[in-house]
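Engineer: dropping a prediction and its sequence here:
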Amino acid sequence: MKACSSLRVLTLNTNKGFSSLNRRFVLHELRAAIRIVSADLVFLQETLGENFRHSKEVPNWPQVPQYEFLADSIWPDFAYGKNAVYIEGHHGNAILSKFPIHQSRTSDLSTYSLEQRGLLHCEIQISSEPRQSLHAFCVHLGLFSRHRKQQLRMISDYINKEVGPDAPLIVAGDFNDWLHTGDKLFKSQLHLREAHQVRHGRFAKTFPSYFPVLALDRIYVRGFHVREAEIIKDKALSDHDGLLAEIVLS
């Protein structure tokens, strides 16, 4: 396997395949849109694994889980981490990859029963060199500040325990952290930098997609130079805008 010269990384909260305010089922349009971006790694949140009610009632509902439908023939490897389970089915985080995913696991970040959250951890072989095994984490944090603080600490403790201090690292997803409380922790404890902030001096405003005012979605990296970062705008495809970064191994 040749070493990658750069990686294009996309993160997007898919809103379970529905447009803003759940007006339309747009998963097919969403698949076409993320293909155009040509990302090597795609971090997805609120992606449905199963929903028995929607599968019977929604036209053009795919016969496979949403993350597998989105991966299609573009991303040969993918992993899914179940976060929320309910009567109709379940949803969670997913990572789609053009590189082999050697391992994946999910850790529970739930801090109370009414809001189920999780951390999906994938080890991805981006080169034949062992040092270039990438640890990728897809996150979706809680809506309340006190719960996010607990979850951020849980993520930091997990990474410090499970990942070597010099390993390349990406932590991306929907942080729901409009107060930016996690940034200082990630910088000091994990030596992570947020891609859009590195390139533009500020976090990307991505929510709500019809008039973005809140910076919820992030791509944190370690061991990479950030070449570019941009917001992917299409208010018809989700209630979040996507966030794209191009990064190069340092």
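Structural biologist: Nice, I can see it.
Engineer: and the helix or strand harbouring Arg153, what does it pack onto?
Structural biologist: Using DSSP states H and E, Arg153 falls within helix 145-162. Here helix 145-162 touches strand 118-125, strand 133-140, strand 169-174, helix 181-190, going by 3 or more Cβ pairs under 8 Å, 6 or more residues apart in numbering; DSSP states H and E. Every C-beta, even on glycine, is put in place using the N, C-alpha and C of the backbone.
Engineer: taking helix 181-190 as reference, get the angle to the shortest one.
Structural biologist: With axes from the mean of the first three to the mean of the last three Cα atoms, to 10 degrees as the criterion, the two stretches strand 169-174 and helix 181-190 enclose an angle of 170 degrees.
Engineer: name the helices or strands packed onto strand 169-174?
Structural biologist: Counting contacts by 3+ Cβ pairs under 8 Å, 6+ apart, strand 169-174 packs against strand 7-13, strand 41-51, strand 133-140, helix 145-162, helix 181-190, strand 217-222.
Engineer: from the chain's centroid, how far away is the longest one?
Structural biologist: Its chain's C-alpha centre lies 16 Å from the corresponding centre of helix 145-162 when counted by Cα atoms, centre = their mean, to the nearest Å.
Engineer: picking that back up, single out the most deeply packed of the helices and strands packed on helix 145-162.
Structural biologist: Highest mean neighbour count among the helices and strands packed on helix 145-162 (mean count of other Cβ atoms under 10 Å): strand 169-174, with a mean of 26.
Engineer: any chance of the helices and strands packed on strand 169-174 in a markdown table, plus mean pLDDT and distance to Lys233?
Structural biologist: Shown next, in a markdown table, are the helices and strands packed on strand 169-174 (pLDDT from 0 to 100; distance: least, Cβ to Cβ, whole Å):
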| stretch | mean pLDDT | distance to Lys233 |
| --- | --- | --- |
| strand 7-13 | 97 | 12 |
| strand 41-51 | 96 | 17 |
| strand 133-140 | 96 | 21 |
| helix 145-162 | 94 | 25 |
| helix 181-190 | 91 | 23 |
| strand 217-222 | 98 | 12 |
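Engineer: can I get these in a markdown table including distance to His91?
Structural biologist: Formatted as a markdown table, those follow (distance: least, Cβ to Cβ, whole Å):
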| stretch | distance to His91 |
| --- | --- |
| strand 7-13 | 11 |
| strand 41-51 | 5 |
| strand 133-140 | 10 |
| helix 145-162 | 17 |
| helix 181-190 | 23 |
| strand 217-222 | 17 |
